[in-house]
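> Here's my sequence, what's the structure:
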Amino acid sequence: MAVLVAGSIATDHLMHFPGKFSEQLLAEHLHKVSLSFLVDDLVIRRGGVAPNICFGMAQLGGTPVLIGAVGEDFDDYRNWLTDNGVNCDFVHVSPTQHTARFVCTTDEEMNQIGSFYAGAMGEAREISIADAWHSTGADLAVISAYDPAAMVQHSAECREHGFRFAADPSQQIARMTGEQMIGLIEGADLLFTNDYEKSLLESKTGRSEADVLAMVNVRVTTLGSQGVEIVGRGLHADSDRVHVPVARERAKADPTGVGDGFRAGLLTAREWGLSWERAAQVGSMLATLVLETMGPQEYQVKSSDFADRLAESYGEDCAADVLPLLR
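From the prediction side, this is the model:
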């Protein structure tokens, strides 16, 4: 089944600082920071939350449908995504704005400082989820970070039509009001956050952990090096709580898009019908491939290699369950 993935579409300008941000930030002077980091590398990559997720799903053999707003400078990016199995038929093209830009510097400890220019993303509220849903026969809409008004609008549209949806506010939690966040997540089949975003969401909405969990079916919380925790009434036979450690890594190249890779893997594995534990293991393995690669869409999933990596991290049974389902 097709999965709609709405979110930012951008190009990433990724730079590396050969030092530690923490050594340049003076606590007593944070109110008047004025810094320029001399970087030693610049890489321009295709990015944005929604294409990153779509690319990962397509690498696993899924059928993602990209939803978002771009400028007329999107043609080359569109061709890349289409060639890699992503449906771009429902992308809105602005006649006046450029495609969004993400500019990010990463230090030696994998800490990041970034800026995001929205551009055409501000027109995302003109997009209808229902049109894409009915045209593609989708069974899930993923509402990821981009224009906050569009995110809330998409959730409302899903509730109105009875569409199953996942809420993935990520970095937009910092910008959205508590009311907007409630409008986004209420009734979601899945809620994605990391552990910091989980606490921030609860603080800004004034809702407790139990209150937020009652608003959604399943809550997926990534915990960085500690893996991922999944809770909720929608786990069924799995148990009421699932914890999966991170997959073994062979190198650290670039953390940009790691969370998007995890979402792509988990969502695709759930579409395959795998358990929450297996789905989180697939997501964690895909996230590790992203971490090991410069850029969020520069990796390839090769079935036998992917299964071997799963076996290294989670055992032969995991690999045996997943290998027949890979493209």
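
> secondary structure class for the residue nearest to Pro255 when sequence neighbours are not counted?
If the residues on either side of it in the chain are set aside, Pro255 comes closest to Met110, at 5.3 Å by CB to CB, 6 or more residues apart in numbering. The way it works is simple: take the backbone N, C-alpha and C, and place the C-beta from them, glycine included. Following DSSP: H, G, I helix; E, B strand; the rest coil, Met110 is assigned to coil.

> I'd like the distance between Met110 and Phe21.
11 Å (CB to CB, to the nearest Å).

> of those two, who's got more company?
Phe21 (17 against 12; other CB atoms under 10 Å).

> show me the contacts for that one.
By CB atoms under 8 Å, 6 or more residues apart in numbering, the residues touching Phe21 are Phe37, Asp107, Glu109, Asn111, Ile113.

> and what of Leu325?
Gly61, Ala269, Trp272, Leu274.

> List the ones among those residues that fall in strands.
Under the assignment DSSP state E, the contacts of Leu325 contribute nothing to strands.

> Give me the PyMOL select line for these, limited to the buried ones.
Burial among the contacts of Leu325 is assessed by 16 or more other CB atoms under 10 Å; the matching PyMOL selection reads:
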select buried, resi 269+272+274
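
> So which of the contacts of Leu325 are in helices?
Ala269, Trp272 (DSSP state H).

> Let me have the contacts of Leu325 in JSON lines, extended by pLDDT and distance to Glu197.
Below are the contacts of Leu325 laid out as JSON lines (pLDDT from 0 to 100; distance: CB to CB, whole Å):
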{"residue": "Gly61", "pLDDT": "96", "distance to Glu197": "29"}
{"residue": "Ala269", "pLDDT": "98", "distance to Glu197": "22"}
{"residue": "Trp272", "pLDDT": "97", "distance to Glu197": "27"}
{"residue": "Leu274", "pLDDT": "96", "distance to Glu197": "25"}
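
> which of the contacts of Leu325 lies closest to Phe17?
Ala269 (35.5 Å; CB to CB).

> That closest one and Leu326 touch, don't they?
No. Here Ala269 lies out of contact with Leu326, judged by CB atoms under 8 Å, at a distance of 10.3 Å.

> any shared contact partners between the two?
Leu60.

> Next one, pLDDT for Lys236 please.
Just to correct that, residue 236 is His rather than Lys. The score at His236 is 68. That number is its pLDDT.

> swap in the one 5 residues further on?
Each residue has a pLDDT score; the one for Arg241 is 90.

> Which stretches in the chain count as helices?
Using DSSP H, helices in the chain cover 49-59, 75-83, 129-136, 148-161, 178-185, 195-205, 209-215, 258-272, 276-291, 303-314, 316-322.

> quick one: contacts for the residue sitting nearest the centre point of the chain?
Taking CA atoms, centre = their mean, the centroid of the chain lies closest to Asp260, which sits 3.0 Å from it. With CB under 8 Å, 6+ apart as the criterion, the residues that contact Asp260 are Val49, Asn52, Ile53, Gly56, Val290, Pro296.

> Where does confidence bottom out across these?
Confidence-wise, Pro296 trails the rest of those, at 91.

> For that residue, grab phi and psi.
Backbone torsions of Pro296, given as degrees, to the nearest 10, read phi -80, psi -10.

> Number of residues surrounding it?
Considering only other CB under 10 Å, Pro296 is surrounded by 28 other residues.

> Need the pLDDT of the closest residue to it other than its chain neighbours.
Nearest non-adjacent residue to Pro296, counting by CB to CB, 6+ apart: Gly257, 2.5 Å away. If you check Gly257, the pLDDT there is 92.

> likewise Gly122?
The model's pLDDT for Gly122 equals 88.

> again, but for the one 10 residues further on
Ala132 is assigned 96 on the pLDDT scale.

> just to revisit the earlier point, nearest to Ile173, out of the contacts of Phe21: which one, please.
Ile113 (17.9 Å).

> Now for the residue nearest to the closest one when sequence neighbours are not counted, how many residues are close by?
Among residues not flanking Ile113 along the chain, Thr105 sits closest, at 5.2 Å (CB to CB, 6+ apart). By the measure other CB under 10 Å, the count of residues near Thr105 is 19.

> Pretty sure Thr105 sits against Val43.
No. Taking contacts as CB under 8 Å, Thr105 lies outside contact range of Val43: 11.5 Å.

> Spit out the residues that contact these two alike.
Met15.

> what about the strands in the stretch 1-150 of the chain?
With strands called from DSSP state E, counting those that start in this stretch, the stretch 1-150 of the chain shows them at 3-6, 10-16, 41-47, 64-70, 91-93, 100-106, 112-117, 140-144.
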